[in-house]
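Participant: fold the following and give me the result.
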Amino acid sequence: DLSLWDGVLHQLRQVRAGVHLPEHDVALLLDQLGGLSFPMPSLTKESAADMVVALCDVASHVERVAGKVCPFLCTLLSKQQVVLSTSDLETVVLRLCTLIKSSSCVVQWQAAALKALGFVLFENGGRLTKLHHRILELLLPLAQPSHPDIESQCLAVTCLGNLVTRSGSKLQPFYEGLWNLAYTAMLQHAKNFQESRIHARILSSVLRTMHFVILEGKSLHLPYLETLVSVMRKLAFFGTTYYAGIPAPILPISVLMAPTTSVPRDENATRGGGRSRRGRARQPGGEGSGFVSVSPRLVSSDSEHSDQEGGLLRTYGPKVRISALLCLQAIARVSSKHLHPHFTLLLPDHASVSPSPYVPSLLTILLFDMAPKVRMTAGATLTQMLEGSHMFLQTSEVLSAPLSTTSFTPLSRTLGFIVHELHEGLIAAISREAHAGTLVQLIKCLTVLVHNAPYERLRPGLLAAMIPHVRLLLDKDDITVRTVALSCLAEIFSTRRSCPEIAIFIPPPPTSCPSPVPVQPSPSSLPQTAAPLATPTPPPFDRPLLDQLILMARNAPASLRAEALQVIGRMCHNHHHQIDVHWPTLSALVGDCLRDVEAVVRLQ
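Facilitator: Okay, the predicted model is just below:
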């Protein structure tokens with residue numbers, strides 16, 4: 001393969017030197033390259049970069065082979081590590097821009113060249129300062145919503161997003177124009193409900209570009225924040241009845257618009273959490289929920305084309321939802337305080353676990369979306385929203401009896417209800433989550449919530465109710481899940497204002513008389529003012545939590561030992577009256593850990 005590569009590269013270089021090669025011979029050389037499998041371990045970065053430059057030169061000299069050159073460039077750049085020098089990068093970009101202009105009369109060639117340009121621009125925008133004006137002069141007209149060719153429009157928007165990535169302040173003079181384009185295109189495509197593959201693609205591309213511009217442009221989005229949050233909330237449910245404006249519970253449109261030849265759906269799928277008890281297919285992520293499916297399948301035809309379009313929608317539907325969530329996440333990252341007033345729009349204040357009808361919120365996505373990556377992104381977005389919200393959430397309060405029926409609810413009560421629903425919804429989502437990556441994100445989100453929630457102003461029982469559910473995660477096989485679960489427990493035992501309700505998880509001193517091993521409290525033993533969580537009650541544990549932590553601190557892998565010691569340390573700091581009686585056991589543990597070979601354990 002390497003000798004074939006070198007031979008083709010030598011002949012392509014002759015074209016760059018001015019040697020004429022017939023178009024047929026160039027096409028044969030490209031066919032030979034297309035037969036190679038990538039990545040090639042023996043191929044050097046320099047040789048790969050030389051091939052990229054040579055191919056762009058060939059495409060500019062023999063334009064009719066652009067249909068073969070550009071797809072191969074995309075394959076090479078995506079599968080093989082290629083490092084272009086700044087001069088080579090500028091040469092490649094200029095060649096592709098020239099090809100896009102000259103091939104405007106051949107839509108297929110233009111689309112292929114735009115796709116290749118997108119690969120070249122990704123994370124290289126900061127190195128192309130000299131060409132920013134020229135690149136944008138070419139791409140902005142193609143990316144306009146009014147452009148007649150939607151495929152070229154979509155690819156041009158993708159190129160703009162790739163140009164923004166890691167450009168930082170070097171693209172600062174152009175961010176306002178990019179924001180205006182992305183915002184206008186987003187509004188135009190979002191207001192027209194069209195469940196088609198190309199509609200989903202252009203929406204995903206526009207939202208992705210908007211995400212990057214928000215991160216780099218910092219404050220450009222602030223004058224449009226109210227509309228932006230409202231539209232993103234809607235697009236986060238792309239492919240559902242809520243997005244389509246159908247007056248029904250939030251369900252996949254495919255449930256309501258199923259082909260007449262399909263098996264009749266189970267009516268139980270629309271009740272409660274949307275679970276079907278008979279004939280239920282295994283869904284991604286382990287859920288059988290009837291909520292947000294991937295984007296719907298059109299039902300007017302049973303043809304192969306209709307099936308193919310439905311499959312492509314199932315691919316792009318989650319991408320739209322992810323892109324919308326990433327925009328909200330970017331807003332929370334660069335202007336978290338400005339997003340606080342919109343918490344009431346994005347988060348529920350009642351019935352998050354069993355809503356009827358479904359309330360469109362981030363918790364609804366976490367609990368019922370069947371795409372694990374969408375749930376993971378929703379968890380990351382909620383985590384980013386909660387980061388730095390401590391002062392805002394300090395106004396939350398739910399201590400007294402429910403308010404009487406009134407037209408006005410104070411913000412403090414609304415926030416208090418939201419915080420309660422976040423606890424209930426996150427614990428329910430953690431209890432039913434089967435995807436390890438999503439589970440890790442949910443636990444991190446719960447940890448951030450515990451850190452920022454004002455428990456002294458909330459009804460007691462929230463912390464005590466979550467400990468058994470988090471403790472169950474310590475038995476998972478995934479070491480990352482166990483590590484973040486221990487971090488969550490450490491945060492729980494760091495909460496000093498709610499000591500009485502979690503002190504019961506530290507066992508009393510052993511007695512001389514044999515007695516059953518103490519177990520964790522059941523929900524009935526929690527304070528009567530605590531609202532019960534709508535999640536399965538964990539089974540009794542065979543040993544106290546402290547004993548389990550000591551066992552992990554001695555026998556688990558180093559990272560888990562360190563985290564277990566951190567939890568024990570928080571117990572000792574905030575619950576020393578209960579811990580004092582266990583000091584003989586703990587002092588022996590400390591002595592062993594100080595002699596541990598792992599530095600991270602000794603530091604703890």
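Participant: chain neighbours aside, what residue packs nearest to Val359?
Facilitator: Pro348 (4.9 Å; Cβ to Cβ, 6 or more residues apart in numbering). For every residue, glycine as well, the C-beta is placed using N, CA and C.
Participant: what's the local residue count around the one you found?
Facilitator: Other residues within reach of Pro348 by the criterion other Cβ atoms under 10 Å amount to 22.
Participant: what secondary structure does it sit in?
Facilitator: Secondary structure state of Pro348, per DSSP: H, G, I helix; E, B strand; the rest coil, is coil.
Participant: who touches Lys170 in this structure?
Facilitator: Contact criterion Cβ atoms under 8 Å, 6 or more residues apart in numbering gives 125-126, 129, 132 as the residues in contact with Lys170.
Participant: from these, pick the one nearest Leu29.
Facilitator: For Leu29, the closest of the contacts of Lys170 turns out to be Gly125, at 31.4 Å, with distances computed as Cβ to Cβ.
Participant: for the residue nearest to that closest one when sequence neighbours are not counted, phi and psi?
Facilitator: By the measure of Cβ to Cβ, 6+ apart, the closest residue to Gly125 outside its immediate chain neighbours is Ser167, 3.6 Å from it. The phi and psi torsions at Ser167 (degrees, to the nearest 10) take the values phi -80, psi -30.
Participant: I'd like the contacts of Lys170 as JSON lines, with distance to Ser102 and neighbour count appended.
Facilitator: Compiled in JSON lines, the contacts of Lys170 are given as follows (distance: Cβ to Cβ, whole Å; neighbours: other Cβ atoms under 10 Å):
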{"residue": "Gly125", "distance to Ser102": "24", "neighbour count": "24"}
{"residue": "Gly126", "distance to Ser102": "28", "neighbour count": "16"}
{"residue": "Thr129", "distance to Ser102": "25", "neighbour count": "12"}
{"residue": "His132", "distance to Ser102": "21", "neighbour count": "17"}
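Participant: so which of the residues you listed are in helices?
Facilitator: Secondary structure of these is defined by DSSP state H; positions in helices are His132.
Participant: and the residue nearest to Gly125, what does it touch?
Facilitator: When the contact criterion is Cβ under 8 Å, 6+ apart, the partners of Ser167 are 125-126, 216.
Participant: coming back round to it: for the residue nearest to Val359, grab phi and psi.
Facilitator: Dihedral angles phi and psi of Pro348 (degrees, to the nearest 10) take the values phi -80, psi 150.
Participant: for the contacts of Lys170, which one is nearest Met210?
Facilitator: Gly125 (15.9 Å).
Participant: which pLDDT value goes with the closest one?
Facilitator: According to the per-residue confidence, Gly125 scores 90 in pLDDT.
Participant: now for Arg457, how many residues are close by?
Facilitator: Other residues within reach of Arg457 by the criterion other Cβ under 10 Å amount to 18.
Participant: now swap in the one 5 residues further on and tell me
Facilitator: The burial metric for Leu462, expressed as a neighbour count using other Cβ under 10 Å, is 26.
Participant: pull out the buried residues from stretch 432-451.
Facilitator: For stretch 432-451, burial by neighbour count (16 or more other Cβ atoms under 10 Å) applies to 432-433, 435, 437-451.
Participant: for the closest residue to Arg95 other than its chain neighbours, what is the enclosing helix or strand?
Facilitator: Closest residue to Arg95 apart from its sequence neighbours, by Cβ to Cβ, 6+ apart: Cys56 at 3.8 Å. Mapping Cys56 onto the secondary structure by DSSP states H and E places it in helix 45-61.
Participant: so what does that helix touch, helix or strand wise?
Facilitator: Contacting helix 45-61 under the criterion 3 or more Cβ pairs under 8 Å, 6 or more residues apart in numbering; DSSP states H and E are the following elements: helix 2-16, helix 66-79, helix 86-102.
Participant: dump the longest one to PDB, restricted to CA.
Facilitator: Output in PDB follows, covering the C-alpha atoms of helix 86-102 (Å, rounded to 0.1, in the frame of the first residue of the first chain):
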ATOM      1  CA  THR A  86       0.400  27.100   7.600                       C
ATOM      2  CA  SER A  87       1.500  27.700   4.000                       C
ATOM      3  CA  ASP A  88       0.200  24.300   2.900                       C
ATOM      4  CA  LEU A  89      -3.100  25.000   4.800                       C
ATOM      5  CA  GLU A  90      -3.500  28.300   3.100                       C
ATOM      6  CA  THR A  91      -2.800  26.700  -0.300                       C
ATOM      7  CA  VAL A  92      -5.400  24.000   0.200                       C
ATOM      8  CA  VAL A  93      -8.000  26.500   1.300                       C
ATOM      9  CA  LEU A  94      -7.400  28.800  -1.600                       C
ATOM     10  CA  ARG A  95      -7.600  25.900  -4.100                       C
ATOM     11  CA  LEU A  96     -10.900  24.600  -2.600                       C
ATOM     12  CA  CYS A  97     -12.400  28.100  -2.600                       C
ATOM     13  CA  THR A  98     -11.400  28.500  -6.300                       C
ATOM     14  CA  LEU A  99     -13.000  25.200  -7.000                       C
ATOM     15  CA  ILE A 100     -16.200  26.100  -5.200                       C
ATOM     16  CA  LYS A 101     -16.500  29.300  -7.200                       C
ATOM     17  CA  SER A 102     -15.700  27.800 -10.600                       C
END
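Participant: can you redo the contacts of Ser167 as CSV with distance to Leu33?
Facilitator: Output for the contacts of Ser167, formatted as CSV (distance: Cβ to Cβ, whole Å):
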residue, distance to Leu33
Gly125, 28
Gly126, 30
Glu216, 36
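Participant: so what's the residue lying closest to Val231 once chain neighbours are set aside up against?
Facilitator: Of all residues not flanking Val231 in the chain, Ala190 sits nearest, at 5.4 Å (Cβ to Cβ, 6+ apart). Applying Cβ under 8 Å, 6+ apart, we find Ala190 in contact with 203, 231, 234-235.
Participant: out of these, who has the most neighbours?
Facilitator: Each of those was scored by neighbour count (other Cβ under 10 Å); the top score is that of Leu203, with 26 neighbours.
Participant: wait, doesn't that one sit right on Ser323?
Facilitator: Yes - here Leu203 reaches Ser323: they are 7.5 Å apart, a contact under Cβ atoms under 8 Å.
Participant: now for those two: what residues contact both?
Facilitator: In terms of Cβ under 8 Å, 6+ apart, Leu203 and Ser323 are both contacted by the residues Leu235.
Participant: what strand or helix carries the residue positioned nearest the centre of the chain?
Facilitator: The C-alpha lying nearest the average C-alpha coordinate of the chain belongs to Thr377 (Cα atoms, centre = their mean; 2.1 Å). Counting by DSSP H and E, the element that carries Thr377 is helix 372-386.
Participant: show residues contacting that helix.
Facilitator: With Cβ under 8 Å, 6+ apart as the test, helix 372-386 has contacts from 236, 284-285, 292, 318, 321-322, 325-326, 328-329, 332-333, 336, 339, 343, 346-347, 362-363, 365-366, 369, 422, 429, 433, 435, 437-438, 441-442, 444-445, 448-449, 452.
Participant: which ones among those residues lie within helices?
Facilitator: Using DSSP H, 318, 321-322, 325-326, 328-329, 332-333, 336, 339, 343, 346, 362-363, 365-366, 422, 429, 437-438, 441-442, 444-445, 448-449, 452 are the members of those that sit in helices.
Participant: please consider this matter closed, and thank you.
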